[in-house]
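S.K.: Any chance you can model this:
(chains A and B)
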Amino acid sequence: DAKTTQPTSMDCAEGRAANLPCNHSTISGNEYVYWYRQIHSQGPQYIIHGLKNNETNEMASLIITEDRKSSTLILPHATLRDTAVYYCIVRGSGTSYGKLTFGQGTILTVHP
Amino acid sequence: DTEVTQTPKHLVMGMTNKKSLKCEQHMGHRAMYWYKQKAKKPPELMFVYSYEKLSINESVPSRFSPECPNSSLLNLHLHALQPEDSALYLCASSQTIQGVQTQYFGPGTRLLVL
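M.R.: Now for the predicted structure:
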């Protein structure tokens, strides 16, 4: 699975959009980009995934560049409850099971 | 029901004790996982069960012994642990739809080994 690079930490004001970048320059054609987050002392939570196209769900939007070497997770209206560690993970399709390799992630702090 | 439950929430044990962590899901997922997470570090995979058979063991010491009694339950048996095994132990299950795998995590068991 491709390696990802994320900033160590970011701040965001409540109510503003939080844009979390991720670099995955070695991504291959069949690998998906997944985002998970982990709120303090809880288990990780799936947010969104994408392959080539931009994706949106009730939690966030995912923008993937045309060359697929980077992506941005967008929380459109961040709240204090969005303070968490955000993990960008690249993983191929194929087997029905498999490991998620978590990097260090980005600590997002949403402040009032 | 999209919940993975884990018991106990907290566990304190001595190095000579035997204890077990339990995990349960009723989403019909046929893959289940144990991860270990040390403080301020990302989760690291320990074991994967697929269709109740051990599929991946990430070279975990034998003092950790996983068990999958049925498709809804996953246990982690602990024996003769060391203080450095103190960590948050996370269970997860996954579904795969058209090649896209989504993992659902429980809240974890916070283990302290004295």
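
S.K.: Up against chain B, what does chain A have?
M.R.: By the rule CB under 8 Å from any CB of the partner chain, the part of chain A lying against chain B is A:30, A:32, A:36, A:38, A:41-46, A:49, A:85, A:87, A:91, A:93-105. For the C-beta atoms, the positions are set from N, CA and C on the backbone; glycine is no exception.

S.K.: Name all residues that make contact with residue B:54.
M.R.: Residue B:54 makes contact with B:47, B:48, B:66, B:68 under the criterion CB atoms under 8 Å, 6 or more residues apart in numbering or on different chains.

S.K.: repeat for residue A:45
M.R.: Residue A:45 is in contact with A:36, A:37, A:38, A:39, B:105, counting by CB under 8 Å, 6+ apart.

S.K.: Of those residues, which qualify as buried by neighbour count?
M.R.: Burial by neighbour count, 16 or more other CB atoms under 10 Å in any protein chain shown: within those this picks out A:36, A:37, A:38, B:105.

S.K.: Which single one of those is nearest to residue B:58?
M.R.: Of all the buried ones among the contacts of residue A:45, residue B:58 sits closest to residue B:105, with 16.9 Å by CB to CB.

S.K.: Can you list the low-confidence ranges for chain A?
M.R.: Filtered on pLDDT under 70, chain A yields the residue ranges A:1-2, A:93-97.

S.K.: how about the strands in it?
M.R.: A:9-13, A:18-23, A:31-38, A:45-50, A:55-56, A:61-64, A:70-75, A:84-92, A:106-111 (DSSP state E).

S.K.: Minimum distance to residue B:57: which of the ones you listed has it?
M.R.: That would be strand A:84-92 among the strands of chain A, by CB to CB, at 19.3 Å.

S.K.: contact partners of the closest one?
M.R.: By CB under 8 Å, 6+ apart, the surrounding residues in contact with strand A:84-92 are A:1-4, A:6, A:20, A:22, A:24, A:27-28, A:30-40, A:44, A:47, A:71, A:73, A:98, A:100-103, A:105-108, B:42, B:101.

S.K.: quick one: that strand to strand A:9-13, angle?
M.R.: With axes from the mean of the first three to the mean of the last three CA atoms, to 10 degrees defining the directions, strand A:84-92 sits at 120 degrees from strand A:9-13.

S.K.: Parallel or antiparallel, list what pairs with strand A:84-92.
M.R.: When sheet partners are counted by DSSP bridges, strand A:84-92 sits next to strand A:31-38 (antiparallel), strand A:106-111 (antiparallel).

S.K.: Mind exporting the C-alpha coordinates of that strand to CSV?
M.R.: Extracted C-alpha coordinates of strand A:84-92, given in CSV (Å, rounded to 0.1, in the frame of the first residue of the first chain):
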residue,chain,number,x,y,z
ALA,A,84,-9.6,14.6,16.4
VAL,A,85,-6.7,12.9,14.7
TYR,A,86,-7.4,12.5,11.0
TYR,A,87,-5.8,9.6,9.2
CYS,A,88,-5.4,9.4,5.4
ILE,A,89,-4.9,5.8,4.3
VAL,A,90,-4.2,4.4,0.9
ARG,A,91,-5.2,0.8,0.3
GLY,A,92,-5.7,-1.4,-2.7
